[in-house]
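> got a structure for you, letters missing:
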């Protein structure tokens, strides 16, 4: 059962301060009470004074007891007031002491939202909290340098890997355009073009995977339904050729993010649903919807049965579901990066992706991305 209040460090420190004051006050009250009682007893004669009545002695003892009760009651009231004041003072002191930590936490949250250039730069005495802030700044500096190096590598790799493939493709096409080329040469050229195309797609997938795992540089408000509609327009010919019916229910679903990456996300989900479908009479159901704080894209397809324990592996790079059956688009199997890219793009948009097997085969993949204005709009670099 959860406590009715949140047990934060500030609450615990406040209770610690108040408890320490209360215990110290109890010791002081007990000491004063004992001292005061002893002092009164020393001034009272141990035996009745000759010439005084027994009634006067009893009255003096009653006054002594009443005085002690009054002292005890006043001390307890003062102790309660001191405890309350100590709790309030402890709350203020704890808040002041933890204020630098709150600044560190706020900076960490902003950094988690992809702003690795920001630093805490905590000013103040060289204590443990400043050491923590400086250590965090040093870690951010190393992370920022690492991601800058990765971005430069991706940019360079994009050029260095695409250029030879483009040249090879141009040379093959020129050779195929030669009217004197015989049939074996043409078949070899077509095979080389197919290999070139697969390598190009593999490189594109790897570059997209690397770039989508970085922070988002572009944020635009788009409708997820329109993004899916554009992706469907490119994938319908492949679905028709594979004898797959596509059913859609595209409700408006606004999101903020990189339109190109969101387009790739939708394209990969649809292509994956086409590729791993039934050989005949397959179907795909695509829906978009908007909730209070998120937009959802759901792609459900028919296909081979997928064991639950294999679901997590499908989102790993170069992992594909193979069951020995012929799928709808088996001749154009990808490199096993489709769902990896989907997961990376989803995480870059601070979203979540979930897949579950259908009862009679196929998969249901649901992508949830925060809507514009929601609190959960940070991204993971």
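All right, it came through fine. Just so we're clear, the structure is a prediction, and the values are computed from it rather than from any experiment.

> Which positions within stretch 178-193 qualify as buried?
Buried residues in stretch 178-193, counting neighbours by 16 or more other CB atoms under 10 Å, are found at 189, 192. In short, each C-beta sits where N, CA and C put it, glycine included.

> Name the residues that touch it?
With contact meaning CB atoms under 8 Å, 6 or more residues apart in numbering, stretch 178-193 is reached by 168-169, 172-173, 175-176.

> And the helix or strand containing residue 261, what's buried?
According to DSSP states H and E, residue 261 maps onto helix 259-275. Under the neighbour-count criterion of 16+ other CB under 10 Å, helix 259-275 has 259, 261-275 buried.

> now swap in stretch 353-364 and tell me
In stretch 353-364, residues buried by neighbour count (16+ other CB under 10 Å) are 353, 355, 357, 361-363.

> just how off-centre is the helix or strand hosting residue 284 within its chain?
Residue 284 is part of strand 282-290, with elements assigned from DSSP H and E. Relative to its parent chain, strand 282-290 has a centroid offset of 26 Å by CA atoms, centre = their mean, to the nearest Å.

> Neighbouring strands - and their directions - for it?
Next to strand 282-290 in the sheet, as set by DSSP bridges, lie strand 244-250 (parallel), strand 294-301 (antiparallel).

> Off-centre distance for the following helix or strand past the first one?
Beyond strand 244-250 in the direction of the C-terminus, DSSP H and E gives the next helix or strand as strand 254-257. A distance of 17 Å separates the C-alpha centroid of strand 254-257 from that of its chain, computed with CA atoms, centre = their mean.

> shouldn't residue 348 be in contact with residue 264?
No: with contact defined as CB atoms under 8 Å, residue 348 does not reach residue 264; the gap is 11.1 Å.

> now stretch 124-139: mean pLDDT?
For stretch 124-139, mean pLDDT is 79.

> Give me the residues contacting that stretch.
By CB under 8 Å, 6+ apart, the surrounding residues in contact with stretch 124-139 are 100-101, 103-104, 107-108, 119-122.

> quick one on the thing from earlier: who are the neighbours of the helix holding residue 261, in terms of helices and strands?
helix 183-212, strand 220-223, helix 224-241, strand 282-290, strand 294-301, helix 338-348, strand 363-370 (3 or more CB pairs under 8 Å, 6 or more residues apart in numbering; DSSP states H and E).

> Out of these, which gets nearest to residue 23?
Minimum separation from residue 23 across the helices and strands packed on helix 259-275 (CB to CB) falls at strand 363-370, 48.4 Å.
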